[in-house]
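Visitor: the sequence and its predicted three-dimensional model are supplied below.
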There are 2 protein chains.
Amino acid sequence: MYRAPLEDMRFLIDEVLRVGDTLGGLPRFEELGVGEDLTAALLDEGAKLAGEVIGPLRRVGDLHPARCEEQKVIISPGYGEAIQQLAQGGWFGISADADFGGQGLPELYGTAASEMWNGADMAFALAPFLSSGAALAISSHGNDALKTTYLEKLHTGEWTGTMNLTESGAGSDLGVMKTRAVPKDDHYLITGQKIYITWGDHDAVDNIVHLVLAKLPDAPEGSSGISLFLVPKFLVNADGSLGERNDVYPVSTEHKLGIHGSPTCVMAFGDSGGAIGYLVGEENRGLTCMFTMMNEARLKVGLQGLGASEGAYQQALAYAKERVQGGVPIIQHPDVKRMLLTMKALNEAMRALAYSEAVTMDLAHYGAEAHQAGSQARIDLMIPVIKGWMTEVGVELTSLGVQVHGGMGYVEETGAAQYLRDVRITPIYEGTNGIQAADLVGRKLGRDGGSTMGAVLDMIRKDANAYLEAGGELATVGSALRDAVALQAVSTETVIQMLASNPEASRAAAFDYMMQTGYLFGAWQLARGANVARLAIQDGSDNEFYAKKIATAAFYAQSILPRCEGYAGAVANAAGALQDYHVGWL
Amino acid sequence: MYRAPLEDMRFLIDEVLRVGDTLGGLPRFEELGVGEDLTAALLDEGAKLAGEVIGPLRRVGDLHPARCEEQKVIISPGYGEAIQQLAQGGWFGISADADFGGQGLPELYGTAASEMWNGADMAFALAPFLSSGAALAISSHGNDALKTTYLEKLHTGEWTGTMNLTESGAGSDLGVMKTRAVPKDDHYLITGQKIYITWGDHDAVDNIVHLVLAKLPDAPEGSSGISLFLVPKFLVNADGSLGERNDVYPVSTEHKLGIHGSPTCVMAFGDSGGAIGYLVGEENRGLTCMFTMMNEARLKVGLQGLGASEGAYQQALAYAKERVQGGVPIIQHPDVKRMLLTMKALNEAMRALAYSEAVTMDLAHYGAEAHQAGSQARIDLMIPVIKGWMTEVGVELTSLGVQVHGGMGYVEETGAAQYLRDVRITPIYEGTNGIQAADLVGRKLGRDGGSTMGAVLDMIRKDANAYLEAGGELATVGSALRDAVALQAVSTETVIQMLASNPEASRAAAFDYMMQTGYLFGAWQLARGANVARLAIQDGSDNEFYAKKIATAAFYAQSILPRCEGYAGAVANAAGALQDYHVGWL
């Protein structure tokens, strides 16, 4: 059963990222008492919910998938009650505006919470995930009337929200959208069908707030002609009470590889004349509204990679300690130890990276104004790496979790394979990893000629040199990091040159470049923690946790970081045989 | 729908491996007309069965899993008829002794056939797979009476066979076995329970021949006290007709991640007093009998990695050609092209390696006596690499197949995810990949101090130099191969030194070493094909197939082979932070 990795979470938040110093004094947070006590209280409360309420649902949802019957979705047993408990705890709006029912806490805490829900049950975690995405879109772009009517209900978890983007025949290509919105009185009538709508319908809460992309009658062609609409399941009366049922219904749910507990719906809008919708933001600016919440959403998908991997690690570890083979528990076998340590080290690296960049996100939104643009540039660079790399690693690690179990891992009753089945969606949705890679190279490197990346590499180089000077195991880490950052500089230069002279090659190189970047950034953040641990030991702490931190970073530096060389080789050659290969020869 | 990759198969068998010259003249095969015409006839016939009969079963078996009811297994619809057709075509005994109903053909042809069945439907392919394993054990170790009674029926596919090794609580650890065999008259009474028995029961054929590991009453402790027994489902009368039902029954079938069409049974022996069994080979020599068929079985599991990946590639390719995004079929997107070419190149490398070593296996068994020992040493070295590397690559490539489909890949109706679910067992069974890696390093390198590996590396080095001299694209391949073989020599030296001075580190390094080896061997065999293609073009052929072969090998050399560096880094450091890490800290 999943237990939130509280020790590592607290270490990162309080000791490495020093939440009190970094964020506690900012105007947005200053009255909230952000610091160690709050960290402890929040994490303990969250861990209780994750461990006792959500975790037990994981197998239930898998065995009793959400299903659609007569235009209603019936969710898996227990999920409704858990949504209620999450709402009562104030977790739906943890990082949302206090003006509209949110807790107003840093995204860093929201990130820790999100990791816990995903570690406990990814399918369940998608309910608050999508809700907060919808809320963020309304908060950023909705008018006051929409905010007053819908935002507080979403932040308190009384209602939930969905995002309706995809249509059949148009996955990542939103320009060919068929859903239409026709103005009528103070609202619009929406007609069309959307697919892959996560938590598109359920009866755990009284109302559902659908955010829907659609085209106005006279909209320009392509993606610049798309608008965003709010379509409630039940209309809301002026006094805030629920009115008529709106013309939006689930048609069916998908039969998926995993996340069975999450209803993935086909949604029909306006089959009986038109669903009433309200414009969010300006006409034809729907995609811009979507981009607003993209960083948050993609960070959360990265956390799904981590959450599933942490759950898989805990289960594999428990199994390896129990299971005796050849007279000893299999954890004693060097190859099993290798697999478990690979899982542990990569999990901690992913966590360190994601939490560090949650802080960057907080600083971009609420930090000193002079530094906001710099923080925004950094988070924009980091997000595709977090989403892409952490979900790829998630697939690898959950598969390792199966492997540690041997034959038992292949039998569904164990629950090990479910982690792999669940996490396999994460490299696909919220922008495939191919799209993340193209975004990293084409937009994030392209728009500033690599200067943000260069600044990050300078920081890594500086840290690496400091670790080299520190000596001991940290020197090993510093040395590996220095080599890896040099290799990263070469790959970065390569793809930037490709952007100018051979853009197609840059797109062919992008995935390998993203992976190389992820492994480096993960090593860097893990090393930061190891250095904090070193200083704590130097200051006389005999907490074994610190020794572990250093040993884990050393393992990562020695055994994981060399993977960068493989990716760098592929990047270097992307303009070669790969590009030359005729597509018709495939 | 799966179509056997006949062009590549023929190219390998006839042009690269030159089956007529290499094997056609050997006494075992000389009257069979082994050569291009036979290759064509066999492959065409097999491809028809695979494409028209077996392929359509893949989704059927997945959706209608084999199940156990009242001590009988009911298999998926259509599987029984397909087994009959496979039997009628003589495919069950394709490489088996002609004296006992087999076709007596080279293992090379059996390998191609096995790839086809696995590409069409892995779950189905396990039926002939296990049957031929059982037959091989009887053929190698059974007395004449057993051979006369059982062998021909297995070779003709009139009956099928199973292997009963694993018990609950003892996966790869056979020493703690609880199943007992008590001598009585001319036979033994077997009692005990076995798990994970593939195709343990079904009614597609009249009888099932179970090979069962068990302990005699006075057997020595541990693995040297295990004997092998033949336990038929129905006893066989002296005239060959079927007699009484024996006391062996399926208890249940597992609910697995994949290969739903393959009944994975718990088998009960002797619940009503004892199942009648006959000793195969000598008492307490059961494991030796098992080792006999291990190379063949592990080669076949490697082929499952290839088969599933080829099926996944074909489906992903078809999807990528159809699916339009951004105005063009997604195959035109550089990242999708990268994924498909990665699949194609690795599939061809796996095929080239597996077929090449099927020939080595034939030479070890039936080649000139003076060279048999050398061939046996080489195949012994190759087998753990083929099993381990090809199944790991199989998981990666089937996952890439899902990715190419985007959201559609995660929906089960597409059938893309099934390839991943099915193949995920292959790194586990027939000896986990951790065991393969330990075998490669501890036994195969250890027993001759790396001299067989050294001889293979010499061959690769010589080939690489020749390709360098040949110039053009082959020079690119030769150059990459030369670097990779140098790196392999370093890693080999490292693990051999560990074997002497630090055996635990050698076991920690083994998996990464195995993967490094696999990527190199695959590159080597792919390059051999590219060189044959180069010579054909030089001789005036304008067949585009040859140009493709060279381009694919160049891509592999440039974009895949660099992965060896990552693995080499992990090997080099296995005696470092990984070994130092306290197991208690996990």
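Guide: Perfect, I can see it now. Numbers count the residues shown, from 1 in each chain, chains lettered A, B, ... in the order given.

Visitor: what about residue A:254, neighbour count?
Guide: 24 (other C-beta atoms under 10 Å in any protein chain shown). The way it works is simple: take the backbone N, C-alpha and C, and place the C-beta from them, glycine included.

Visitor: up against chain B, what does the stretch 201-350 of chain A have?
Guide: Taking C-beta under 8 Å from any C-beta of the partner chain as the contact definition, the stretch 201-350 of chain A meets chain B at A:254-258, A:317, A:320, A:325-326, A:331-341, A:344.

Visitor: ok, of those, which come out buried?
Guide: The neighbour count (16 or more other C-beta atoms under 10 Å in any protein chain shown) marks A:254, A:256-258, A:317, A:320, A:325, A:331-341, A:344 as buried among those.

Visitor: next one: the lengthiest strand in chain A, is it in contact with chain B?
Guide: With DSSP state E setting the assignment, residue counts place strand A:187-198 as the longest strand in chain A. Yes: with C-beta under 8 Å from any C-beta as the measure, strand A:187-198 is seen reaching chain B through A:195, A:196.

Visitor: partner strands of that strand, with direction?
Guide: According to DSSP bridges, strand A:187-198 has the following sheet partners: strand A:180-184 (antiparallel), strand A:264-269 (antiparallel), strand A:275-280 (antiparallel).

Visitor: chain center to the helix or strand where residue A:554 lies: distance?
Guide: Assigned by DSSP states H and E, residue A:554 belongs to helix A:544-555. Averaged C-alpha coordinates place helix A:544-555 at 26 Å from its chain's average position (C-alpha atoms, centre = their mean, to the nearest Å).

Visitor: which residues sit against the next helix or strand after it?
Guide: Using DSSP H and E, the next helix or strand after helix A:544-555 towards the C-terminus is helix A:563-572. Here helix A:563-572 makes contact (C-beta atoms under 8 Å, 6 or more residues apart in numbering or on different chains) with A:484, A:487-488, A:490-491, A:494-495, A:509, A:512-513, A:515-516, A:519-520, B:558-567, B:569.

Visitor: what stretches of the stretch 101-250 of chain A score poorly on pLDDT?
Guide: Judged against pLDDT under 70, the low-scoring parts of the stretch 101-250 of chain A cover residues A:170-173.

Visitor: helix or strand with the lowest mean pLDDT in chain A?
Guide: Sorted by mean pLDDT, DSSP states H and E, the helices and strands of chain A end with strand A:324-325, the least confident at a mean of 90.

Visitor: that strand pairs with which strands?
Guide: Sheet neighbours of strand A:324-325, with direction, are listed as strand A:328-329 (antiparallel) (DSSP bridges).

Visitor: against which helices or strands is the helix or strand that the strand it pairs with is followed by packed?
Guide: Of the helices and strands lying after strand A:328-329 in sequence (DSSP H and E), the nearest is helix A:334-366. Using 3 or more C-beta pairs under 8 Å, 6 or more residues apart in numbering or on different chains; DSSP states H and E as the contact criterion, the neighbours of helix A:334-366 among helices and strands are helix A:6-10, helix A:107-120, helix A:286-322, helix A:369-404, helix A:503-538, helix A:544-555, helix B:433-438, helix B:503-538.

Visitor: distance to residue B:412 added to those helices, as TSV?
Guide: Converted to TSV, those look like this (distance: least, C-beta to C-beta, whole Å):
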stretch	distance to residue B:412
helix A:6-10	35
helix A:107-120	22
helix A:286-322	19
helix A:369-404	17
helix A:503-538	26
helix A:544-555	37
helix B:433-438	27
helix B:503-538	30
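
Visitor: looking at the ones you listed, which is nearest to residue A:188?
Guide: For the helices and strands packed on helix A:334-366, distance to residue A:188 was read as C-beta to C-beta. The smallest value, 12.1 Å, belongs to helix A:286-322.

Visitor: just list what that closest one packs against, helices and strands only.
Guide: Helix A:286-322 sits against helix A:107-120, helix A:122-141, strand A:208-215, strand A:226-232, strand A:328-329, helix A:334-366, helix A:369-404, helix A:416-423, with contacts defined as 3+ C-beta pairs under 8 Å, 6+ apart.

Visitor: tell me the angle of it relative to helix A:107-120?
Guide: 50 degrees (axes from the mean of the first three to the mean of the last three C-alpha atoms, to 10 degrees).

Visitor: list the buried residues in helix A:286-322.
Guide: Burial within helix A:286-322, assessed by neighbour count using 16+ other C-beta under 10 Å, is assigned to A:286-287, A:289-290, A:292-317, A:319-321.

Visitor: for stretch A:177-185, same thing?
Guide: Buried residues in stretch A:177-185, counted by 16+ other C-beta under 10 Å: A:177, A:179, A:180, A:181.

Visitor: give me the distance between the two termini of it.
Guide: One end of stretch A:177-185 to the other measures 24 Å (C-alpha to C-alpha, to the nearest Å).

Visitor: and stretch A:416-435, by the same measure?
Guide: Start to finish, the residues bounding stretch A:416-435 are 29 Å apart (C-alpha to C-alpha).

Visitor: tell me the average confidence for that stretch?
Guide: Averaged across stretch A:416-435, the pLDDT comes to 98.

Visitor: close to chain B, is it?
Guide: Yes: Stretch A:416-435 comes into contact with chain B when judged by C-beta under 8 Å from any C-beta, the residues involved being A:417, A:420, A:421, A:424, A:425, A:427, A:428, A:429, A:432, A:433, A:434.

Visitor: ok so, going back, tell me what angle the helix holding residue A:554 forms with helix A:503-538.
Guide: Computed by the same axes, to 10 degrees, the angle between helix A:544-555 and helix A:503-538 is 150 degrees.

Visitor: show me what helix A:544-555 is packed against.
Guide: Of the remaining helices and strands, those touching helix A:544-555 by 3+ C-beta pairs under 8 Å, 6+ apart are helix A:334-366, helix A:472-501, helix A:503-538.

Visitor: and for residue A:30, the neighbour number?
Guide: For residue A:30, the neighbour count with other C-beta under 10 Å is 11.

Visitor: which residues does the residue nearest to it when sequence neighbours are not counted contact?
Guide: Taking C-beta to C-beta, 6 or more residues apart in numbering or on different chains as the measure, residue A:30 lies nearest to residue A:24, with 7.0 Å between them; neighbours along the chain are not counted. Residue A:24 makes contact with A:30, A:33, A:34, A:35, according to C-beta under 8 Å, 6+ apart.

Visitor: of those, which is the most crowded?
Guide: Compared across the contacts of residue A:24, residue A:34 has the highest neighbour count, 26 neighbours, by other C-beta under 10 Å.

Visitor: pretty sure that residue sits in a strand.
Guide: No: judged by DSSP: H, G, I helix; E, B strand; the rest coil, residue A:34 forms no part of a strand; its state is coil.
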